[in-house]
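> The sequence and its predicted three-dimensional model are supplied below.
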Amino acid sequence: MTSLSTSPVADNGATHTVREIAQQPALWREVEQIVTASRQTLDAFLRPLTARGDLRVVLTGAGTSAFAGQVLQAALARRLGLRVDAVATTDLVADPRGCLAEDVPTLLVSFARSGDSPESVAATDLADQVLSEVHHLVITCNAQGSLARGHAERPSSHVLLMPAAANDQGFAMTSSFTCMTLAALLALGGEAYQGVTERLARAAEAILDDANVERTVGALLSRAPERIVYLGSGALKGLAGESALKVLELTGGTLVAGAESSLGFRHGPKAVLNAGTVVVVYVSNDPYTRQYDLDIAAELRGNLPAGSVVTVAAASGAQRDAGTADGWEVPALDGVEDVALALPAVVYAQLVALRASLAGGIRPDQPFPSGEVNRVVQGVILHDLHN
């Protein structure tokens, strides 16, 4: 897909969305610079906390921002040697005593594109009410948002601002999602992820610049699917959820999308399959986990029309169909952890959603012109928590 940022689709109500997908590799490099420049203050804030064996880390956000936490959860738990949970702000605000039932020292990591969604600020306020000790790492794309301003001067908080361009102006989060996810990985994952950003950026650039991607995405959508399912394991299950959400958002809900784990799909959700379903399976880089991803892909290829099932995987001899019409390749990332693989892999999902939107005559920058769904959530009534 040569020069996505100058593609003619930008003139079809997709100006912001096209630019924001295309800018991701450059922004990832900026994110690494931001985290590197902030390292001293980040470490001064984080190290005393992560050195405590009783610390609980809660990754929180709503919608796409919640999926960032799901992608990161297992990798950060492994690297930190601490309990790390991904809890959506929408769950935390509705049931703070349940989500924060254990009154232990907690680091609440809040992901927010704008920081102006009602639940974003409410989640941090409720954590302060429910817990005896809570610290806040706010990762946001909007320096003027309520969340960033409310935590800027608090001694128990640290605000990590993303590049200004990551504050996506399109309806759906694209570069904001990947920038915030990468920032958390670099900030909390430490030295284990040094040098990974450039590999991820180059992989994403290769996908965006590959004319074959245009054809393979187009071939999948030429089937005029009525349903699309994303599957993945571990960190890639969180990516599957974000991928399905992109389709729902950018097509205005006209293309039904769902997500599950590769093993969990057989336990009921498989009922969604029909002749009009296409399936995208994210293939893990972990040799053990990969087997389950490839198993479900092979099984579904035996049940659905030819060309209905594609895999997305790092180029590897173990991936049987990488680089083919049925196997979409994430180049030069064989062996990286799935949490890192997820960032360039999501570019495929963003392109699928963009093309599906345009194919349906929908304007991706504003797929809900009547305003029934909004870029920044509206209509939430926040209720007082009575202790």
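Nice, I can see it.

> going forward, measure contacts and count neighbours with C-alpha atoms only.
OK.

> and residue 362, helix, strand or coil?
Taking DSSP: H, G, I helix; E, B strand; the rest coil as the rule, one finds residue 362 in the coil state.

> swap that for residue 259, please
Secondary structure assignment for residue 259 (three-state DSSP): strand.

> give me the beta-bridge partners of the residue nearest to it when sequence neighbours are not counted?
Excluding the flanking residues, the one nearest residue 259 by C-alpha to C-alpha, 6 or more residues apart in numbering is residue 230, at 4.7 Å. With DSSP bridges as the criterion, residue 230 is bridged to residue 259, residue 280.

> Now for residue 230, how many residues are close by?
28 (other C-alpha atoms under 10 Å).

> Could you measure from it over to residue 218?
In this view, residue 230 and residue 218 are 17 Å apart by C-alpha to C-alpha, to the nearest Å.

> The residue nearest to residue 259 and residue 67, how far apart?
14 Å.

> quick one: common contacting residues for those two?
Common neighbours of residue 230 and residue 67, counting by C-alpha atoms under 8 Å, 6 or more residues apart in numbering, are residue 241.

> Check the spacing between residue 301 and residue 223 real quick.
15 Å.

> And for residue 359?
From residue 359 to residue 223 the distance is 12 Å (C-alpha to C-alpha).

> where in the chain is pLDDT low?
For the chain, the stretches with pLDDT under 70 are 1-11, 316-325, 370-379, 387.

> So in it, which helix runs the longest?
helix 338-359 (DSSP state H).

> quick one: buried residues of it?
Neighbour counts over helix 338-359 (16 or more other C-alpha atoms under 10 Å) mark 338-358 as buried.

> ditto for stretch 164-176
Quick answer for stretch 164-176 (16+ other C-alpha under 10 Å): 165, 166, 167, 168, 169, 170, 171, 172, 173, 174, 175, 176.

> Could you do stretch 267-276 as well?
residue 273.

> List the contacts of it.
Residues contacting stretch 267-276 (C-alpha under 8 Å, 6+ apart): 223, 224, 225, 226, 227, 260, 304, 305.

> taking those one by one, which sit in strands?
Assignment to strands by DSSP state E places the following of those there: 227, 260.

> just the buried members of the contacts of stretch 267-276?
Neighbour-count burial (16+ other C-alpha under 10 Å) applied to those gives 225, 227, 260, 304.
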